[in-house]
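*Asks:* Return a 3D structure for these sequence lines:
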Amino acid sequence: MSNIKDEASSSASDPIGISDNLMQRIQTTEEFVEFADRLLGLGDLKWSEVEADYRCLAVNACLRRQIESMKAATILARQDLGHLAVSFVRASLEDVLYLGFFGSLPLKDSQELFLLLGTWDSTRSLLAQRAYVGEDAMKDLWYPEGLLDAASIKRDEIRASLKELQKRYRWSGGMLPAADWVAERAGKKKLYDYLHAATSRALHFSAGEIMRRGWGQPSGRMTTNNPEFRSHLALFALDQLWRLHVESWAATSPFWEGAGVSNNDSLSFSDTEPIVNRLLSLGNVPLVHAHEWNLTPEGPLR
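*Replies:* Here you go, the predicted model:
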């Protein structure tokens, strides 16, 4: 239980408490991001390419979000807020899962499913806004009543179509495919099992996540602001974000030409080896720190 964990000694080396280990990770990640940004230039797409294959749009948007997430994570970490970047890991993980899944589908099947899922999301959001703000507010936002009524009918049609696809693919999770089913189809079940539930706790209310944030001694006070644990979460996020971005290269490379991704002629993927090796030399940051289970190099704490 997190409320009986020990308080690790401080290793702060600068005014806002960034350890040497974390600073090294930040700087090396920044180097990787700068290199990856140059290696894969993300530009605009041709409308015709997207219309022919929606995966091109997904590849461009997801790779851009991953680059920006790594940049944001280093900025947060420099301000002693890097623990918040764990939420970015969940988004990058789902990029890897869903891009791999859609990439495994024949074009016709991918187009059908992508369009349905996209239309379902946008229609549902529109009607949820209508229900929340009311008819007058929607009119003030320029939405004709006829368009909204048509969207309501469309939502029911999409729901029926998704149910048909659920029967065809036999996915788990009801009307929409469950993430674990998508991970299986993408060949990433082990990665999903490791990261998905844990990163979900960074986004949602979680009793388990709240308990692991409590550090102290049973006979003393407890804090939810332990600097070493915050640093550990920042290290974990920085470590996972670059790894997931590299995973995305393999899943997305068949679509780069149509996705507005332009390889820098002066760089090649072999040029990534030195910076990737430096990141690897920093070690793999575990999801769960041993101190969360009252474990130390000398054995369990009493």
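*Asks:* Run through the stretch 1-150 of the chain and note the low-pLDDT ranges.
*Replies:* Along the stretch 1-150 of the chain, segments meeting pLDDT under 70 span 1-17.
*Asks:* Strands along that one, start to end?
*Replies:* 40-42 (DSSP state E, counting those that start in this stretch).
*Asks:* and if you look at the stretch 201-302 of the chain?
*Replies:* 215-216, 222-223, 261-263, 295-296, 299-300.
*Asks:* Check the offset of the third one from the chain's centre.
*Replies:* Read it as strand 261-263. Chain-centre distance of strand 261-263: 22 Å, with Cα atoms, centre = their mean, to the nearest Å.
*Asks:* sorry, back to before: out of the strands of the stretch 201-302 of the chain, which is the most enclosed?
*Replies:* Highest mean neighbour count among the strands of the stretch 201-302 of the chain (mean count of other Cβ atoms under 10 Å): strand 215-216, with a mean of 20. Where you see a C-beta, it was placed from the backbone N, CA and C, and this is true even at glycine.
*Asks:* List the neighbouring strands of that strand plus their orientation.
*Replies:* Strand pairing for strand 215-216, determined by DSSP bridges: strand 222-223 (antiparallel).
*Asks:* average pLDDT for the partner strand?
*Replies:* Across strand 222-223, pLDDT averages out at 90.
*Asks:* For that strand, what is the distance to the chain centroid?
*Replies:* Relative to its parent chain, strand 222-223 has a centroid offset of 29 Å by Cα atoms, centre = their mean.
*Asks:* ok, now stretch 278-292?
*Replies:* 18 Å.
*Asks:* try stretch 54-71
*Replies:* 11 Å.
*Asks:* So which residues make contact with it?
*Replies:* Residues outside stretch 54-71 that contact it (Cβ atoms under 8 Å, 6 or more residues apart in numbering) are 29, 32-33, 36-37, 40, 42, 45, 49-50, 85, 88, 91-92, 95, 98-99, 102-103, 110-111, 114-115, 118, 238, 241-242, 244-245, 248, 252, 255-256, 258-261.
*Asks:* Could you rerun that using 6 Å?
*Replies:* By Cβ atoms under 6 Å, 6 or more residues apart in numbering, the surrounding residues in contact with stretch 54-71 are 33, 37, 42, 45, 49-50, 88, 92, 95, 102, 114, 241, 245, 252, 255, 258-260.
*Asks:* Same question for stretch 259-272.
*Replies:* Arg38, Leu39, Leu40, Gly41, Gly43, Asp44, Leu45, Cys56, Val59, Asn60.
*Asks:* Just the buried residues out of those residues, in ChimeraX syntax.
*Replies:* Buried residues within the contacts of stretch 259-272, by 16 or more other Cβ atoms under 10 Å, are selected in ChimeraX with:
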select :39,40,45,56,59,60
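*Asks:* Of the contacts of stretch 259-272, just say which sits nearest to Pro297.
*Replies:* Leu39 (39.5 Å; Cβ to Cβ).
*Asks:* Could you report the distance from Pro274 to Phe35?
*Replies:* For Pro274, the distance to Phe35 equals 9 Å [Cβ to Cβ, to the nearest Å].
*Asks:* Oops, could you answer that again for Pro227 instead?
*Replies:* From Pro227 to Phe35 the distance is 30 Å (Cβ to Cβ).
*Asks:* which one of Pro274 and Phe35 has more residues nearby?
*Replies:* Phe35 (17 against 11; other Cβ atoms under 10 Å).
*Asks:* so what's that one closest to, chain neighbours aside?
*Replies:* Of all residues not flanking Phe35 in the chain, Ile275 sits nearest, at 5.6 Å (Cβ to Cβ, 6 or more residues apart in numbering).
*Asks:* so that neighbour sits right up against Phe32, yeah?
*Replies:* Yes - contact between Ile275 and Phe32 holds when scored by Cβ atoms under 6 Å: they sit 5.1 Å apart.
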